[in-house]
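[1] everything below, folded, please.
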Amino acid sequence: MTINVNNQSQSISENSSIAILLEQIHITPNGIAIAINNEIISKEKWDQVILNAEDQVTIIKATQGG
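    Numbers count the residues shown, from 1 in each chain. Take a look at the predicted model:
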């Protein structure tokens, strides 16, 4: 199925969780926040929340700077 990750199409397996998505796209889960369809998902739920076709996933990575 196809979802949208940070405005780019991404094919993933059916019944994939957020945690599985992160593995598939090689993103370390540390220091990031995730929203699905503009709703922030707490890190504790990443293994439980199943993505649906056409979901809009936003991954925000914390950066350091000054």
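
[2] quick one: low-confidence parts of this protein?
    66 (pLDDT under 70).

[3] what about the helices in the chain?
    18-24 (DSSP state H).

[4] which stretches of it form strands?
    All strands of the chain, identified by DSSP state E, fall at 2-5, 8-11, 32-36, 39-41, 56-61.

[5] can you add mean neighbour count and distance to residue 50 and give those strands back as TSV?
    Using the backbone N, CA and C atoms, a C-beta is placed for each residue, glycine as well. Listed next are the strands of the chain as TSV, based on neighbours: other C-beta atoms under 10 Å; distance: least, C-beta to C-beta, whole Å:
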stretch	mean neighbour count	distance to residue 50
strand 2-5	16	11
strand 8-11	10	15
strand 32-36	16	10
strand 39-41	12	11
strand 56-61	15	12
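
[6] with distance to residue 20 added, can I get the ones you listed in CSV?
    Output for these, formatted as CSV (distance: least, C-beta to C-beta, whole Å):
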stretch, distance to residue 20
strand 2-5, 12
strand 8-11, 12
strand 32-36, 13
strand 39-41, 14
strand 56-61, 12
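
[7] out of those, which comes closest to residue 49?
    Ranking the strands of the chain by distance to residue 49, with C-beta to C-beta as the measure, places strand 39-41 first at 5.5 Å.

[8] partner strands of the closest one, parallel or antiparallel?
    Sheet pairing for strand 39-41, assigned by DSSP bridges, gives strand 32-36 (antiparallel).

[9] count the residues that sit near residue 20.
    By the criterion of other C-beta atoms under 10 Å, residue 20 has 16 neighbours.

[10] what residues are up against it?
    The contact partners of residue 20, by C-beta atoms under 8 Å, 6 or more residues apart in numbering, come to 12, 13.

[11] next one: residue 34
    The contact partners of residue 34, taken as C-beta under 8 Å, 6+ apart, are 18, 40, 41, 46, 57, 58, 59, 60.
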